[in-house]
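Colleague: got a structure for you, letters missing:
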C-alpha cells in the first residue's frame, strides 16, 4: 500500500511516549506504514500494539500491517481545547470502526463539515517536524 | 450488605467560585470550608462529634495546597476514630466511591456513623490549563490524548451518534438544559438560578459540536458532607431518613471507547449497575419516584435515562422535550438542576446528588419537591459511562 503521509509544520503539541514495544509502531508510522499486533492463537488484531492479546490473554503476538480502511462511527469538532492544543482549534475528532474489527479514535482531517456517519475513511500519517501522529481522512 | 445503612444528613455550600485567584491577598481555604459543612451535616443528621466512626474523603484537586487531606482534617476537627480515615479517587465517580466506602464502614460494623465528604476546588485554574490535566484522565495519553481529546469530546460524539441513529434533534437534546435550569432556579445550592430559554441554549457558542456552552458542564468549586449510619441510629434520631435499598456497580472493561466495536451509546455499565441495584432493592425502574443522574452534558442524561430503564431506547430526547422528565412530569430527573445548572465540582458531584436525593426523600426539597417521593435513584460514572454506580434509596419517616 502506498504511504499516506501529510506533512505538518511545527512539533506535535503533546508527543506520545515510545516504549520498546510501541517504538515499532511510531517508527513505521513515520514512513507512512501502519503496524500493529495480532494474536497468533485467536487471530484478533489489537490496537494500540500489545505484548499480549487483550481478548484471550495469549502472549504469542505477531506484528502485521494494519489495514487502513474503515467506517466513520462518530465525530465532533472541538472549540474549547487544552492550552497546549489551543492554537489548533477548531479541530475535528472521530471514532472509526476499521474493517478488521478494531475501533480507533483520532483526528479527522480533510473532511467537509457534512461528512456523514457511515462514510468511508482511512488512516493517514501526519508527519510533524519532531515525529509522527496519525489521523483519519475521507477515502 | 450485612447491616442496613441509611443516609441521615448532609450539607454543602452552593456550587460556584469559592477559590480565590492565586494572587489574592485573602484566600479561601479548603479545610475551613469543609469543616463548616461537617458541622452543619451533623446537626442536620442529629448526631454528635463523638458518634463519627469513619471518614472517607474524595481526594481534592491538585489546586488545593494541603496534601494528605483526610488525615489533616482528622486533626483539624480533632476526630479520633476506629474506622477508616482515607481518601479515594476515581474521576467523576470519586464522590460515589467515598459514599460507597462510607456505607461499607457502617455495613461491616466498623462504624455506626460514617462521613462521605470532600472539597473540589479548581476555579483557580483557567479552563484551558485545567484541560491540560483532565485530558490525561479521559483517554489513552499516548494514542488518544496526543490528538486533543477532551473529557466532553466523547460525550459530543455520543450526541452525534444518537442523533444519527434515532433522528433526535439538537433542540430536543437542548430541552434537557432548559428543564435542568428551571429546576436549579428552585435550588439554593445551584450555581445558575436564572431561567433560560431553548432559543438561548441553541444560540450559545459551540464548545464540542453539536453541544454549546449551556449543554456542557460549567466549572465549579464545591464542598459537601454526607452522613450515613446504621438504620438503628437513623431510627433513634427520630427524624426522616433515606434507607439504602440497593446498590450496583459495573465497569465495562473499556476506557472511553471499547477497542472492539460495540453500541457505544447503550451505556451498558449504567444498564448493568442499575439492574443489580434494582434486583437488590426488589424494584423495577417504574417504581422510582425520581432520579438524580450524573450527566455532565444534556446527551448523557438522555442516554442514562434510557440505559437504566426510565425511558424507552431512542425516546429519551423526545420525552425530555415533551416535559416527561420535569418536576411534576412522569419521571422527574435531576431536580437539583443537574450538572449543567446545579453545578459540577466533579470529584464531589455525586455527594451533591446524594444530598438532593436525601432532601427529596425527607420531603424537604421545598418548591422542587417531588410529590410523594418514596423511591429515589442516584447514578454516577466515570469516563464515557465506562463505569457506573447506582444507589436506590427509600423514604423512611
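Modeller: The structure has been received and is ready for your questions. None of these values were measured; they are calculated from a predicted model.

Colleague: residues of chain B that sit close to chain A?
Modeller: B:126-129, B:131-132, B:135, B:139-150, B:153, B:156-158, B:160-161, B:164, B:205-210, B:256-262, B:264 (Cβ under 8 Å from any Cβ of the partner chain). Yep, even glycine has a C-beta here, placed from its N, CA and C like the rest.

Colleague: list only buried entries from those.
Modeller: Listed as buried from the residues of chain B next to chain A are B:127, B:131-132, B:135, B:139-140, B:142-150, B:153, B:156-158, B:160-161, B:164, B:206-210, B:256-261, B:264; burial here means 16 or more other Cβ atoms under 10 Å in any protein chain shown.

Colleague: show me the contacts for residue B:237.
Modeller: Shown in contact with residue B:237 (Cβ atoms under 8 Å, 6 or more residues apart in numbering or on different chains): B:8, B:45-47.

Colleague: out of these, who has the most neighbours?
Modeller: When neighbours are taken as other Cβ atoms under 10 Å in any protein chain shown, the top entry among those is residue B:8 (31 neighbours).

Colleague: and that one, what's its pLDDT?
Modeller: Note on residue B:8: pLDDT of 98.

Colleague: what about it, which SS state?
Modeller: strand (DSSP: H, G, I helix; E, B strand; the rest coil).

Colleague: for it, give me its contacts.
Modeller: Residue B:8 is in contact with B:45-47, B:113, B:227-229, B:233-234, B:237, B:239, B:241-242, counting by Cβ under 8 Å, 6+ apart.

Colleague: go on, residue B:301?
Modeller: Neighbours of residue B:301 in contact, by Cβ under 8 Å, 6+ apart: B:176, B:180, B:293, B:295, B:316, B:320, B:325, B:333-334, B:338.

Colleague: try 6 Å this time
Modeller: For residue B:301, the contact set (Cβ atoms under 6 Å, 6 or more residues apart in numbering or on different chains) comprises B:176, B:293, B:295.

Colleague: ok, how many other residues are close to residue B:86?
Modeller: That count, for residue B:86 with other Cβ under 10 Å as the rule, works out to 16.

Colleague: would you mind measuring from the residue lying closest to residue B:7 once chain neighbours are set aside to chain A?
Modeller: Nearest residue to residue B:7, sequence neighbours excluded (Cβ to Cβ, 6 or more residues apart in numbering or on different chains): residue B:242, at 4.4 Å. The gap separating residue B:242 from chain A is 37 Å, by Cβ to the nearest Cβ, to the nearest Å.

Colleague: secondary structure class of residue B:242, three-state.
Modeller: Going by three-state DSSP, the state assigned to residue B:242 is strand.

Colleague: who does it bridge with?
Modeller: Listed beta-bridge partners, residue B:242: residue B:7, residue B:395 (assigned using DSSP bridges).

Colleague: what does residue A:136 give?
Modeller: Beta-bridge partners of residue A:136, as defined by DSSP bridges: residue A:108, residue A:123.

Colleague: what is the neighbour count of it?
Modeller: Neighbour tally, residue A:136, other Cβ under 10 Å: 28.

Colleague: same question, residue A:39
Modeller: Neighbour tally, residue A:39, other Cβ under 10 Å: 21.

Colleague: so what's the residue nearest the centre of chain B up against?
Modeller: The centroid of chain B falls nearest to residue B:350 when counting by Cα atoms, centre = their mean (2.7 Å). Applying Cβ under 6 Å, 6+ apart to residue B:350 gives the contacts B:95-96, B:380.

Colleague: test my guess that the residue nearest to residue B:7 contacts residue B:392.
Modeller: No: counting by Cβ atoms under 6 Å, residue B:242 sits too far from residue B:392 to count as a contact (10.0 Å).

Colleague: the nearest residue to residue B:188 once chain neighbours are set aside: neighbour count?
Modeller: Spatial nearest neighbour of residue B:188, excluding adjacent residues (Cβ to Cβ, 6+ apart): residue B:14 at 6.6 Å. By the criterion of other Cβ under 10 Å, residue B:14 has 17 neighbours.

Colleague: could you do residue B:133 as well?
Modeller: Neighbour count of residue B:133, defined by other Cβ under 10 Å: 14.

Colleague: and it, which of the three is it?
Modeller: Following three-state DSSP, residue B:133 is assigned to helix.

Colleague: quick check: pLDDT value at it.
Modeller: 93.

Colleague: what's the spacing between it and residue B:185?
Modeller: Going from residue B:133 to residue B:185 by Cβ to Cβ, to the nearest Å gives 32 Å.

Colleague: next: residue B:302.
Modeller: 21 Å.

Colleague: these two: who's more crowded?
Modeller: Legend: neighbour count by other Cβ under 10 Å for residue B:302 and residue B:185, higher for residue B:302 (32 against 17).

Colleague: a markdown table for the contacts of residue B:301, including pLDDT and neighbour count?
Modeller: Shown next, in a markdown table, are the contacts of residue B:301 (pLDDT from 0 to 100; neighbours: other Cβ atoms under 10 Å in any protein chain shown):
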| residue | pLDDT | neighbour count |
| --- | --- | --- |
| B:176 | 98 | 28 |
| B:293 | 98 | 26 |
| B:295 | 98 | 28 |
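
Colleague: just the ones of those in helices?
Modeller: Using DSSP state H, the subset of the contacts of residue B:301 located in helices is residue B:176.

Colleague: burial check on residue 4, number of neighbours?
Modeller: Using chain A here. By other Cβ under 10 Å, 16 other residues sit near residue A:4.

Colleague: um, chain B though
Modeller: For residue B:4, using other Cβ under 10 Å, the count is 16.

Colleague: what segments of the chain are strands?
Modeller: As the question left the chain open, I've gone with chain A. Secondary structure of chain A (DSSP state E): strands at A:5-7, A:35-39, A:45-46, A:61-65, A:69-78, A:91-98, A:103-108, A:120-128, A:131-138.

Colleague: I was after chain B.
Modeller: According to DSSP E, the strands that chain B contains are B:5-12, B:52-58, B:85-88, B:113-120, B:206-208, B:211-212, B:222-230, B:241-251, B:290-293, B:375-382, B:387-396.

Colleague: just want the angle from the first one to strand B:241-251.
Modeller: Here the directions of strand B:5-12 and strand B:241-251 differ by 90 degrees (axes from the mean of the first three to the mean of the last three Cα atoms, to 10 degrees).

Colleague: give me the pLDDT value at the closest residue to residue B:89 other than its chain neighbours.
Modeller: For residue B:89, ignoring the flanking residues on the chain, the nearest one in space by Cβ to Cβ, 6+ apart is residue B:59 at 4.3 Å. For residue B:59, the pLDDT comes out at 98.

Colleague: tally of neighbours for residue B:59?
Modeller: Residue B:59: 21 neighbours (other Cβ under 10 Å).

Colleague: got it, and residue A:59?
Modeller: Neighbour tally, residue A:59, other Cβ under 10 Å: 12.

Colleague: just grab the bridge partners of the closest residue in space to residue B:93 that isn't next to it in sequence for me.
Modeller: Spatially, and ignoring its direct neighbours in sequence, residue B:93 is nearest to residue B:382 (4.3 Å; Cβ to Cβ, 6+ apart). With DSSP bridges as the criterion, residue B:382 is bridged to residue B:387.
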